[in-house]
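S.K.: could you look at this predicted model? Sequence included:
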Amino acid sequence: MAVADGERERQGESGESDGPARAPAEDAVVTPSGGGDGLFVTAGDGFEPTELARGPWSPDALHGGPVAALVVRAVEGHAQADGLQVARLTLELLRPVPFAVLTARTRTMRDGRRVQLVDVSVEAEGRPVVTARLLRMRRLSPDVAVRSAVLEDSPPAPPSEGILAPPLLVAPGVGERAFHSHGVEMRFVGGRMAEPGPATVWIRLRVPVVAGEEPTPLQRVAAAADFGNGVSSELDFRSYLFINPDLSLHVHRPPVGEWVCLDARTRFGTPGIGTAEAALWDEEGRIGRSVQSLVVEAAGAAGGG
């Protein structure tokens, strides 16, 4: 992702903008119009996406973040109070997720006291569009202290010291209202959306995942983690596509709070293939890591599948 053309012109050749400033002490209130009160609204036993779930690549497809959060919600509803917590989420985007009612079905593939595997299938219009597998693992008693021999990386600056993100560039015809522009708030504490390269950004949802529900911290992490390739983009959004067909998320402790930080970087290898990875933080410390595989090609050259 990158800034809109008009914003780039205002910033000039340096890529720095005169407009964005450090985040104010009081957060701005964003009221969606025409998009409901969440990324999804309930529709029978399914979920209808609002415009706030739209992605940056096509006006007819959803962003991966809202879908990942919906998958987490399904597993949280499926799981029992069994002392297990989600340690890994692997999401496969089988095809662009359309603006249609989505259903999420869960199935326990392995049930155990230490390790559990839960599969999720998301369908739209009778076709599977996303499959996911979540690994849930046993928690030890808090009295059992297990500490790393290696000091943790220095934490990022807090979101209160971040720079509010400027408007993001989207593909032609996508429209102004989408997940990355109105569904979340971004505050950069390293790098900038206008500059290619690594970036460190705090992200929080502006609206619930499902209207009328308070998102859980893990839903917030899943929604934010899909931004790794966008915030650390190395290519011009107008000239290249760098779409992720998957998302892998590892968390070694339950996240807390509303804010999720991505310390993200994109790398390229074989022509046409890349990865975006991010260290994940909340305001209490490091929580895990996310990785996305990237399909890279010139804009306008995209084919099927």
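M.R.: Structure's in. What do you need?

S.K.: span of stretch 226-245 from start to end?
M.R.: 11 Å (Cα to Cα, to the nearest Å).

S.K.: buried residues in it?
M.R.: Across stretch 226-245, burial judged by 16 or more other Cβ atoms under 10 Å covers 226-235, 237, 240-244. In short, each C-beta sits where N, CA and C put it, glycine included.

S.K.: so which of these sit within strands?
M.R.: Judged by DSSP state E, the buried residues of stretch 226-245 include 240-243 as members of strands.

S.K.: pick out the lowest-pLDDT one from the buried residues of stretch 226-245.
M.R.: Scanning those for pLDDT, the low point is residue 237. It has 75.

S.K.: what bridges to residue 122?
M.R.: Counting by DSSP bridges, residue 122 is bridged to residue 104, residue 130.

S.K.: residue ranges for the helices of this protein, please.
M.R.: Ranges of helices in the chain, per DSSP state H, are 5-11, 64-78, 217-225, 228-231.

S.K.: can you read off the pLDDT for residue 99?
M.R.: Reported pLDDT at residue 99 in the predicted model: 94.

S.K.: circling back: from the ones in strands among the buried residues of stretch 226-245, pick the one nearest residue 289.
M.R.: Taking Cβ to Cβ as the measure, residue 289 lies nearest residue 242 of these, at 19.2 Å.

S.K.: quick one: residues contacting the closest one.
M.R.: Going by Cβ atoms under 8 Å, 6 or more residues apart in numbering, residue 242 touches 229, 233-235, 266, 274, 276, 294-296.

S.K.: could the residues you listed be laid out in TSV, adding distance to residue 214?
M.R.: Below are the contacts of residue 242 laid out as TSV (distance: Cβ to Cβ, whole Å):
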residue	distance to residue 214
229	28
233	31
234	36
235	37
266	32
274	35
276	29
294	33
295	35
296	37
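
S.K.: looking at those residues, which is nearest residue 181?
M.R.: Nearest to residue 181 among the contacts of residue 242, with distances taken as Cβ to Cβ, is residue 233, at 15.5 Å.

S.K.: what's the neighbour count on residue 287?
M.R.: Residue 287: 22 surrounding residues under other Cβ atoms under 10 Å.

S.K.: show me where pLDDT drops low in the chain?
M.R.: Residues of the chain meeting the criterion pLDDT under 70: 1-36, 80-81, 143-146, 166-176, 301-305.

S.K.: just give the closest residue to residue 292, not the sequence neighbours.
M.R.: Of all residues not flanking residue 292 in the chain, residue 244 sits nearest, at 3.8 Å (Cβ to Cβ, 6 or more residues apart in numbering).

S.K.: scratch that, residue 196 is what I was asking about
M.R.: Distances taken as Cβ to Cβ, 6+ apart place residue 234 nearest to residue 196, at 5.0 Å, with adjacent residues excluded.

S.K.: so that neighbour sits against residue 276, correct?
M.R.: No: using Cβ atoms under 8 Å, residue 234 is not in contact with residue 276; the gap is 9.3 Å.

S.K.: give me phi/psi at residue 97?
M.R.: Here is the backbone geometry of residue 97 (degrees, to the nearest 10): phi -80, psi 120.

S.K.: need the residues that contact stretch 131-150.
M.R.: Identification of contacts with stretch 131-150 by Cβ under 8 Å, 6+ apart yields 68, 71-72, 75, 79, 83-92, 94, 109, 113-122.

S.K.: span of that stretch from start to end?
M.R.: 35 Å.

S.K.: in it, what's buried?
M.R.: With burial defined by 16+ other Cβ under 10 Å, the residues of stretch 131-150 counted as buried are 132-137.

S.K.: starting at the chain centroid, how far to it?
M.R.: Here the centre of stretch 131-150 is set off from its chain's centre by 22 Å, with Cα atoms, centre = their mean, to the nearest Å.

S.K.: ok, now stretch 210-223?
M.R.: Mean-position distance between stretch 210-223 and its chain equals 11 Å (Cα atoms, centre = their mean).

S.K.: quick one: residues contacting the closest residue to residue 260 other than its chain neighbours.
M.R.: Using Cβ to Cβ, 6+ apart and skipping residues adjacent in sequence, the residue nearest residue 260 is residue 224, 4.0 Å away. Taking Cβ under 8 Å, 6+ apart, we find residue 224 in contact with 65, 184, 203-204, 260, 262.

S.K.: again, only using 10 Å
M.R.: Contacts for residue 224 (Cβ atoms under 10 Å, 6 or more residues apart in numbering) come out as 65, 68-69, 184, 186, 201-205, 231, 249, 255, 259-262, 278, 280, 290.
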